[in-house]
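Trainee: Have a look at this prediction, sequence included:
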Amino acid sequence: MKFTKLHGLGNDYVYVNCFEEDLSRVDLPELARRVSDRNFGIGGDGLILIMPSERADFRMRVFNNDGSEAKNCGNGLRCVSKYVYDHGLTEQTTFTVETLGGTVTPVVSLGADGRVDQVTIDMGEPRFERAAIPMTGIPEEQVREEGIEVGGTAFTMTAVSMGNPHAILFVDEVKEEDVRHYGPMIEYHEWFPERTNVEFIQILNHEEILFRVWERGSGVTLACGTGACAAAVAAHLSGKTGRKVTVHLAGGDLFIEWKEADNRVYMTGPATEVFSGEYVGEIPFK
Ligand SMILES: N[C@H](CCC[C@H](N)C(=O)O)C(=O)O
């Protein structure tokens, strides 16, 4: 099976071009687990399929490294956009990509080599209702800077969906050890029936956020695009930042704008292709 490794700020996935590879009979969650393994497989935060779509120019499916399928992936969308342009699947610099969380519209910009280096993506409107996250409790209720206690420690949390769930925690100081310790406790908290991504954010000033993430289904990653969007939205709702925010992630920076005019969140950042190869391990079939 041919694959390509790309990453968005170090959030790396194994990409398979399903215009060339037929994976229709493959056990995709098991394939994701196998190829993501950094010792016994290719290595990555998960598996992303680039597929034909009946309602958009392309379709993206995302599998975390535990095999669970996600509804959206911001870094993945930037890398899919780079792949389809650089590999000639389109000559357009803007197109549509269908995800389980909705259809988005990337706009790519080219470097001096004529290849994509930056991508801006309209990631759609944030959702806040418990039913949309999803969270237990009153379906139409929103969770804004509310208390959540895990491991004997209380956090202030805002819940945001970007097509996938995000628990945004406001902390005075972002600590890697807190992400590893409390991240899984909140990912599996009873309030989140489909689990959740967990973001720890420190407001640096009106235009900047320090950000670290524990991803649902993948654990600590160097970056999370949907998480950065959710964090920028939560920070603005808190009154501590404007609508244009630079999010400093472990792997680098994303620029996020939550536009007042259309209520949509725009994410701008890089996408990088590292290598292509042939996976010759056993393909698991359904
Ligand atoms: N772990 C996420 C999917 C990947 C999102 C992240 N890598 C991004 O760039 O948005 C979830 O289960 O919702």
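Mentor: That came through fine.

Trainee: who's in contact with the residue minimising distance to the centre of the chain?
Mentor: The centroid of the chain falls nearest to residue 73 when counting by Cα atoms, centre = their mean (3.2 Å). Contact analysis of residue 73 by Cβ atoms under 8 Å, 6 or more residues apart in numbering lists 13, 48, 60, 62, 99, 164, 225-226. All C-beta atoms are positioned from the backbone trio N, CA, C, and that covers glycine.

Trainee: Can you tell me which of the residues you listed end up in strands?
Mentor: 13, 48, 60, 62, 99 (DSSP state E).

Trainee: And those residues, which two are furthest apart?
Mentor: Spanning the widest gap among the ones in strands among the contacts of residue 73 are 13 and 99, at 13.8 Å by Cβ to Cβ.

Trainee: Find residues that contact each of the two.
Mentor: What both residue 13 and residue 99 touch, as defined by Cβ under 8 Å, 6+ apart, is the set 62, 73.

Trainee: between these two, who's got more neighbours?
Mentor: residue 13 (31 against 25; other Cβ atoms under 10 Å).

Trainee: doesn't residue 43 make contact with that one?
Mentor: No: look at residue 13 against residue 43 with Cβ atoms under 8 Å: they stay out of range, at 10.2 Å.

Trainee: Please report the confidence value the model assigns to the residue nearest to the centre of the chain.
Mentor: You'll see residue 73 listed with a pLDDT of 97.

Trainee: Contact residues of the stretch 1-150 of the chain facing the ligand?
Mentor: 11, 62, 64, 70, 73-76 (Cβ under 6 Å from any ligand atom).

Trainee: returning to what we had before: out of the ones in strands among the contacts of residue 73, flag the one nearest to residue 212.
Mentor: residue 13 (19.3 Å).

Trainee: quick one, what contacts that closest one?
Mentor: Counting by Cβ under 8 Å, 6+ apart, residue 13 has contacts 5-7, 44-48, 62, 73, 75-76, 79.

Trainee: most surrounded residue in the residues you listed?
Mentor: residue 75 (34 neighbours).

Trainee: Confirm that residue sits in a helix?
Mentor: Yes: assessed by DSSP: H, G, I helix; E, B strand; the rest coil, residue 75 belongs to a helix.

Trainee: That one contacts residue 227, doesn't it?
Mentor: No: using Cβ under 8 Å, residue 75 makes no contact with residue 227, being 9.5 Å away.

Trainee: mind listing what residue 10 touches?
Mentor: 221-223, 250-252.

Trainee: Check what pLDDT it gets.
Mentor: For residue 10, pLDDT reads 98.

Trainee: I'd like to know how far it sits from residue 252.
Mentor: 7 Å (Cβ to Cβ, to the nearest Å).

Trainee: hmm, which two among the residues of the stretch 1-150 of the chain next to the ligand are most spread apart?
Mentor: Once Cβ to Cβ is applied, these give 64 and 74 as the farthest pair, at 14.0 Å.

Trainee: which residues of the stretch 151-286 of the chain fall in strands?
Mentor: 153-161, 165-170, 197-205, 208-215, 219-221, 244-249, 252-258, 265-270, 272-278 (DSSP state E, counting those that start in this stretch).

Trainee: so does the last one get close to the ligand?
Mentor: No: legend: contact between strand 272-278 and the ligand by Cβ under 6 Å from any ligand atom is lacking; minimum distance shown is 13.6 Å.

Trainee: Point out the other helices and strands that that strand packs with.
Mentor: Here strand 272-278 touches strand 2-8, helix 74-86, going by 3 or more Cβ pairs under 8 Å, 6 or more residues apart in numbering; DSSP states H and E.

Trainee: Direction included, what does that strand pair up with?
Mentor: Counting by DSSP bridges, the strands paired with strand 272-278 are strand 2-8 (antiparallel).

Trainee: Let me know the angle separating the strand it pairs with from helix 74-86.
Mentor: 120 degrees (axes from the mean of the first three to the mean of the last three Cα atoms, to 10 degrees).
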